[in-house]
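Student: generate a structure from the sequence data that follows.
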Amino acid sequence: MTALVNLCGAALGLGVIQIALAGCSATEPRPDAAPAGRGERLRVLVDTDANNELDDQHALAYLLFNGDTFSVAGVTVNATRGGGTIDAHVAEAQRVLALCGREGVVSLHAGANGSFETIRPTIGRPGFDGADAVHFIIAQAHAATSAPLVLLPIGKLTNIALALAKDPSIASNVRIVWLGSHYPEPGEYNLENDSAALRYVLSVDVPFEMVTVRSGAGTGTDVVRVTQREINDRMPGLGPRTATPVMGRHGEAFQTFGDYAVNLFAHITYSGTPPSRALYDMAAVAILKQPAWAHASEQPAPALVGERWQVRPDNPRRITIWERFDREAILADFWATLARPVLAAP
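Tutor: Take a look at the predicted model:
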């Protein structure tokens, strides 16, 4: 894997030909764009297991199309068990960047295939598993800005934990907003893919926020669900149009992210009544854009003992828990953003 994955003139190794984009210049800021709660754009680095399910792709597109709210420092990628090896996750992130008109503008870096406990003893060696992403995270954290870098991991926490272990000084320069956990209940996919990485992050004095999932509970990002009909009705043709088609992961070719989204939803299973699918990761981007779309509370940092949470009411270190997401407001802005994208840049 090359240190920096450059989409310009590079094949994806999956039959994707060179991508040239047309009509991808940034539009003027939307007058109805929701504020980020600050006077300037939030600088965000997203860490994603892009090939897992389909919520990562929608989170990336939503972030990249909110250029009036976010500047995107870059994208780092990790591998979780549902999406294949790191190469498959990188390839999917490349597709999304290309379809969003951000190839060669927002850089992409391959991260960890393995787990935190396996990789940590090797981080002093050159070329350790995930080195490109870890070094990039550290460099961006040290870049001089007026506000901390927002690290937005929407998969396992391996890359983030490795960066903190390799350079503990970045803890004062970052704000970590992680999509994961059913807290205070046990379990959840991102947590289970590397629970040791989460334990390490909880042990470090670093600003840390958990954007809860809570499947079926009605209080986590699981409530931000869409049906296939909603996607089929709203998404076709949305986003900038590529001059050359981009091959999707299911073999078809696309020229807009909206059309690719329709295809992703045609190859996924549904649950609930009516049958639907949650856009968990997209909701994590949404609450960065507009914190009023969920409820945030500061709590003493808990401990993850085994696979269960242990409340620590006397712990002076505090973290933020996000819950009670406003599905209607989040989805309304998601549709509006994809209909009128403002392309993000570093």
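
Student: which residues in this protein form helices?
Tutor: 55-64, 86-99, 116-119, 131-142, 158-166, 189-193, 195-203, 228-234, 257-265, 280-289, 327-339 (DSSP state H).

Student: what is the mean pLDDT for the longest one?
Tutor: When pLDDT is averaged over helix 86-99, the result is 98.

Student: helices and strands around it, which ones?
Tutor: Under the contact criterion of 3 or more CB pairs under 8 Å, 6 or more residues apart in numbering; DSSP states H and E, helix 86-99 touches helix 55-64, strand 70-77, strand 108-110, strand 246-247, helix 257-265. Where C-beta positions appear, they are placed from N, C-alpha and C, glycine not excepted.

Student: turn those into TSV, including mean pLDDT.
Tutor: TSV is the format used below for the helices and strands packed on helix 86-99 (pLDDT from 0 to 100):
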stretch	mean pLDDT
helix 55-64	98
strand 70-77	98
strand 108-110	98
strand 246-247	97
helix 257-265	98
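
Student: of the ones you listed, which is nearest residue 191?
Tutor: Smallest distance to residue 191 across these (CB to CB): 15.6 Å, for helix 55-64.

Student: for the closest one, what is the distance to the chain centroid?
Tutor: Averaging C-alpha coordinates over helix 55-64 and over its chain gives two centres that are 7 Å apart (CA atoms, centre = their mean, to the nearest Å).

Student: what's next to it, contact-wise?
Tutor: With CB atoms under 8 Å, 6 or more residues apart in numbering as the contact definition, helix 55-64 has outside contacts at 44, 46, 48-50, 70, 72, 75, 92-93, 95-97, 99-100, 102, 106, 152, 154-155, 239, 257, 260-261, 264, 277-282, 284-286, 334, 337-338, 341, 343-344.

Student: pLDDT value on the closest residue to residue 47 other than its chain neighbours, please?
Tutor: Taking CB to CB, 6 or more residues apart in numbering, and ignoring the residues beside it in sequence, residue 47 has residue 153 as its nearest neighbour in space, at 4.1 Å. Note for residue 153: predicted pLDDT of 98.

Student: so what's residue 153 up against?
Tutor: With contact set as CB under 8 Å, 6+ apart, residue 153 has these partners: 46, 47, 48, 159, 160, 176, 177, 178, 179, 180, 190.

Student: one step back: export the helices and strands packed on helix 86-99 as TSV, with columns for distance to residue 126 and mean neighbour count.
Tutor: Shown next, in TSV, are the helices and strands packed on helix 86-99 (distance: least, CB to CB, whole Å; neighbours: other CB atoms under 10 Å):
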stretch	distance to residue 126	mean neighbour count
helix 55-64	29	27
strand 70-77	18	25
strand 108-110	15	26
strand 246-247	33	22
helix 257-265	36	23
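
Student: and these: which comes nearest residue 220?
Tutor: With CB to CB as the yardstick, what comes closest out of those is helix 55-64 (12.9 Å).

Student: circling back to that earlier point, include distance to residue 194 when you put the helices and strands packed on helix 86-99 into JSON lines, please.
Tutor: As requested, the helices and strands packed on helix 86-99 are exported to JSON lines (distance: least, CB to CB, whole Å):
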{"stretch": "helix 55-64", "distance to residue 194": "16"}
{"stretch": "strand 70-77", "distance to residue 194": "14"}
{"stretch": "strand 108-110", "distance to residue 194": "16"}
{"stretch": "strand 246-247", "distance to residue 194": "30"}
{"stretch": "helix 257-265", "distance to residue 194": "25"}
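
Student: nearest to residue 222, of those?
Tutor: Shortest distance between residue 222 and the helices and strands packed on helix 86-99, using CB to CB, is found for helix 55-64: 10.6 Å.

Student: angle of that closest one against helix 257-265?
Tutor: Here the directions of helix 55-64 and helix 257-265 differ by 170 degrees (axes from the mean of the first three to the mean of the last three CA atoms, to 10 degrees).

Student: I am finished for the moment; much appreciated.
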